[in-house]
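**Q** Let's see this in three dimensions:
(chains A and B)
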Amino acid sequence: MFYRESGDFKTNYADDQQSFPIKLDRYAVWVLLAFAFFVVPFFINDYWEKSVLVPFLVWSMAALGLNILTGYCGQVSLGTGGFMAVGAYSCYKLMIAFPGLNIFFVVILAGIITAIVGIAFGLPSLRIKGFYLAVATLASQFFLIWMFNKIPWFYNYSSSGMITAPERTMFGIAISGPSAPSWATYLFCLTLVTIFAFIARNLTRGRIGRAWKSIHDMDIAAEIIGIPPLQAKLSAFAVSSFYIGMSGAMLFGVYLGSAEPGEAFGIDKSFLVLFMVIIGGLGSILGSFLGAAFLILVPVLMKNIMVGAFGWPADLAAHLELLFIGALIMFFLVVEPHGLAQLWRMTKEKLRLWPFPH
Amino acid sequence: MSPLFLNALEVILNGLMAGIMYSLVALGFVLIFKASGIFNYAQGVMALFAALTLVGFQTGQVPFAHLINAMFGTEIHHWGSGMNTFLAIILTMIVMIIFAWLLEKIVLKHMVNQAPIILFMTTIGLAYFMEGFGDLMWGADIKTMDVGLPSGGSLWLEDFTKGWAAEGTEYYGMYIDVLDVWAAGIAILLVIALTLFSQYTKTGRALRAVADDHQAALTVGISLRTIWIIVWSLAGFVALVAGIMWGSKSGVQFSLSLIALKALPVLILGGFTSIPGAIIGGLIIGVGEKLFEFSIGGMIGGATENWFAYVLALAFLMFRPQGLFGEKIIERV
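**A** Below is the predicted model:
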């Protein structure tokens, strides 16, 4: 009743094939985007930028990337942290090498470099499947982090071994560096995420996406019906690494400002992104956002409640947070293994049928 | 014999000892995987939790002291001078069994028939939960564990091997930690005990039946849920042993849970379902990473132990996707 597609007539193919075929969905997305682009930047402050909105956008990008690989193509990867590190370090090297380059292109180029690395590490997926592949991707995680720690060229021989983002601009406004205004970093991340979320949505609906899905369902069968597994798997690795690389570049360049590989891109980050994808919903673009929102916002909320409202010590709050996150993950997997996106689908179904139960 | 050769030999011996430590963790994985098809990522955290609990009992800490203090403004921390080691081990084992029982009741029984990746994610959630729970219960500071196992270098071995080097060369004998030797002995005992248990007891036979075929086991009247509780308790026991060993070696701290990740390539090499495979895989990884660090690591910046095991597993999988002892994978449409 509240949510329905009846009365929403399509008179040409373009209407039928648009990103959001249902009118209500389309309006909702436009309203949300208008709010995010034209209202939020006027009210954003440093706290909201640094602890809520920008991390949410950055991790959504990573979750989108992993969802393409794991959710759509079915290749489990535990190397996300390593690929984010590739994105961050190529972003750093590009920033240093081309000081005048618009940061937008820096991030895109960092994504492309990561995509190439991703293809290299995706090659084993042609022979290895399932858990075995997950462990094989751990090799990329640990090897890449080790490499960024040990080869001084990557961190420009700085004595601390850390990389620090210099100030880089877009249309004359600082995006990276300490003096970047909150609204600018927020809008920058939002623009990138919006563009690439739309691209991801349309990629996964099209020919490539269908090839990925068929590989996910059964790769042997997919091969038999004429989908080349080499192209399908490697393109999934490439696109996924591209997204993850961009998120790594944004995490380092825009959000953190400085990074040290073991700390910022460790194995726990790989798990964090995997959790986002699973909790949000495998094989769902919306799910990537919901999962990222959940895992970024819940800790912030809990910290505010426990440290802010109850006045408990911070280390105690950190332990409780870990405990709750673990419990919530188990709870979600027990109640709804298909994630928040599935809950949303069920809600829509209920709204469609209301007031009738079936 | 030249000192270089002796050094290499020492590295290999130490690698074997380290490998046994990896095998101890991998063993817990294999037990659970065989019986329930669950890939238990939380095995490492279970070892950490068991070690924390053991130290807590030994030193007489009040559980949740930090939380209680924060909530009620009290100042409690210890309830006495602690208890003796044996009693503490028994009590820890009881805690692990209660934990296994609760886990089955609350989580696992709902997870029957889920995809393996979902089960795997559940155990990662479990790992987070247990880490938070363990820290909350006993505090997150690094603790030293002393259960009366000897440690430090063996002087006897140093004196014994000193004479091996050729005349006139500088060689000070081999260094091998006595604790590692003990760990090796205990690991061997553990494997023998587990083998005997699964071969000669009724429960052990039921375990093997479940590992073989869930449905067939159900039809002959084996309760899957009881078996799961038993298996998780057994894994808790293995975790306790691993926790004691690693804890005595390097202190009870968070990094203990990371050895679970090291156990993954071990399992890849040895196969997920084979107990001897877990041992041999552990030995290969242990020797391999120590030798690599010894021979090549120095040239490329060191700390190669972080990734060598995974890259070895990856290279290995390229040629044998089913692992060392796995059966050939045949896929049907």
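
**Q** Before we move on, what's the pLDDT of residue 245?
**A** All of this refers to chain A. Per-residue pLDDT puts A:Gly245 at 92.

**Q** my bad, the chain I had in mind was chain B
**A** B:Met245 is assigned a pLDDT of 82 by the prediction.

**Q** Doesn't it lie inside a helix?
**A** Yes. Under DSSP: H, G, I helix; E, B strand; the rest coil, B:Met245 falls within a helix.

**Q** so it sits right up against B:Met21, yeah?
**A** Yes. Shown here, B:Met245 and B:Met21 form a contact pair, counting by CB atoms under 8 Å, at 6.2 Å. For glycine as for every other residue, the C-beta is placed from the backbone atoms N, C-alpha and C.

**Q** How about the contacts made by residue 247?
**A** Defaulting to chain A. Counting by CB atoms under 8 Å, 6 or more residues apart in numbering or on different chains, A:Ser247 touches A:58-59, A:61-62, A:65, A:84, A:87.

**Q** try again with chain B
**A** Counting by CB under 8 Å, 6+ apart, B:Gly247 makes contact with B:51, B:54-55, B:143, B:145, B:256.

**Q** Which of these has the largest number of neighbours?
**A** B:Ala51 (29 neighbours; other CB atoms under 10 Å in any protein chain shown).

**Q** Now the helix or strand where that one lies - C-alpha only, CSV.
**A** Here B:Ala51 sits within helix B:43-59, counting by DSSP states H and E. Taking Å, rounded to 0.1, in the frame of the first residue of the first chain, the C-alpha atoms of helix B:43-59 are listed here in CSV:
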residue,chain,number,x,y,z
GLN,B,43,40.4,-21.1,17.9
GLY,B,44,43.2,-18.6,18.5
VAL,B,45,41.0,-16.4,20.7
MET,B,46,39.8,-19.5,22.5
ALA,B,47,43.5,-20.2,23.4
LEU,B,48,43.9,-16.6,24.5
PHE,B,49,40.7,-16.8,26.6
ALA,B,50,41.7,-20.1,28.2
ALA,B,51,45.1,-18.7,29.0
LEU,B,52,43.6,-15.6,30.5
THR,B,53,41.2,-17.6,32.6
LEU,B,54,43.9,-19.9,33.8
VAL,B,55,46.1,-16.9,34.9
GLY,B,56,43.1,-15.3,36.4
PHE,B,57,42.3,-18.3,38.6
GLN,B,58,46.0,-18.8,39.5
THR,B,59,46.5,-15.3,40.7
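
**Q** ok, and for that helix, which residues are buried?
**A** Within helix B:43-59, the residues scored as buried using 16 or more other CB atoms under 10 Å in any protein chain shown are B:43-59.

**Q** Return the backbone torsion pair for B:Asp177.
**A** phi -70, psi 130 (degrees, to the nearest 10).

**Q** Okay, it and B:Ile20: tell me how far apart.
**A** In this view, B:Asp177 and B:Ile20 are 12 Å apart by CB to CB, to the nearest Å.

**Q** the more surrounded of those two?
**A** A side-by-side neighbour count of B:Asp177 and B:Ile20, using other CB under 10 Å, places B:Ile20 first with 23 against 17.

**Q** average pLDDT for whichever strand or helix holds that one?
**A** For B:Ile20, the host element (DSSP H and E) is helix B:3-36. The average of the pLDDT scores along helix B:3-36 is 78.

**Q** before we move on, back to that, would a markdown table of the contacts of A:Ser247 with secondary structure and distance to chain B be doable?
**A** Below are the contacts of A:Ser247 laid out as a markdown table (DSSP: H, G, I helix; E, B strand; the rest coil; distance: CB to the nearest CB, whole Å):
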| residue | secondary structure | distance to chain B |
| --- | --- | --- |
| A:Val58 | helix | 21 |
| A:Trp59 | helix | 17 |
| A:Met61 | helix | 21 |
| A:Ala62 | helix | 17 |
| A:Gly65 | helix | 18 |
| A:Met84 | helix | 17 |
| A:Gly87 | helix | 19 |
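
**Q** tell me which residues of the helix ranked longest in chain A are tucked away?
**A** Ranked by residue count and defined by DSSP state H, the top helix of chain A is helix A:182-205. Going by neighbour count (16+ other CB under 10 Å), the buried part of helix A:182-205 is A:182-190, A:192-193, A:196-197, A:200-201, A:203-204.

**Q** Poorly predicted segments of the chain, please.
**A** Since you didn't name a chain, this refers to chain A. By pLDDT under 70, the weakly predicted segments of chain A are A:1.

**Q** Chain B, not that one
**A** Along chain B, segments meeting pLDDT under 70 span B:1-3, B:65-66, B:70-82, B:147-174, B:256-257, B:297-298, B:301-302, B:322-329, B:333.

**Q** can you give me the helices in it?
**A** With DSSP H as the criterion, chain B has helices spanning B:3-36, B:43-59, B:65-72, B:85-106, B:116-138, B:155-162, B:178-200, B:202-212, B:214-219, B:224-250, B:259-270, B:275-295, B:305-319.

**Q** Take the ones you listed and lay them out in CSV including distance to A:Ile22.
**A** Listed next are these as CSV, based on distance: least, CB to CB, whole Å:
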stretch, distance to A:Ile22
helix B:3-36, 42
helix B:43-59, 44
helix B:65-72, 48
helix B:85-106, 39
helix B:116-138, 29
helix B:155-162, 75
helix B:178-200, 57
helix B:202-212, 48
helix B:214-219, 43
helix B:224-250, 44
helix B:259-270, 44
helix B:275-295, 52
helix B:305-319, 45
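
**Q** Out of those helices, flag the one nearest A:Thr11.
**A** For the helices of chain B, the distance to A:Thr11 is smallest for helix B:116-138, at 42.8 Å, taking CB to CB.

**Q** Tabulate the CA atom coordinates of that closest one in CSV.
**A** Provided in CSV are the C-alpha atoms of helix B:116-138 (Å, rounded to 0.1, in the frame of the first residue of the first chain):
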residue,chain,number,x,y,z
PRO,B,116,30.2,-22.5,5.1
ILE,B,117,31.1,-18.8,4.6
ILE,B,118,28.3,-17.8,7.0
LEU,B,119,29.5,-20.3,9.6
PHE,B,120,33.0,-19.0,9.2
MET,B,121,31.8,-15.4,9.7
THR,B,122,29.9,-16.5,12.8
THR,B,123,33.1,-17.8,14.3
ILE,B,124,34.8,-14.5,13.5
GLY,B,125,32.0,-12.8,15.4
LEU,B,126,32.6,-15.3,18.1
ALA,B,127,36.3,-14.4,18.1
TYR,B,128,35.5,-10.7,18.6
PHE,B,129,33.0,-11.5,21.3
MET,B,130,35.4,-13.8,23.2
GLU,B,131,38.2,-11.3,22.9
GLY,B,132,36.0,-8.5,24.4
PHE,B,133,34.7,-10.9,27.0
GLY,B,134,38.1,-12.1,28.0
ASP,B,135,39.5,-8.6,28.3
LEU,B,136,36.4,-7.5,30.2
MET,B,137,36.6,-10.4,32.6
TRP,B,138,40.3,-10.4,33.3
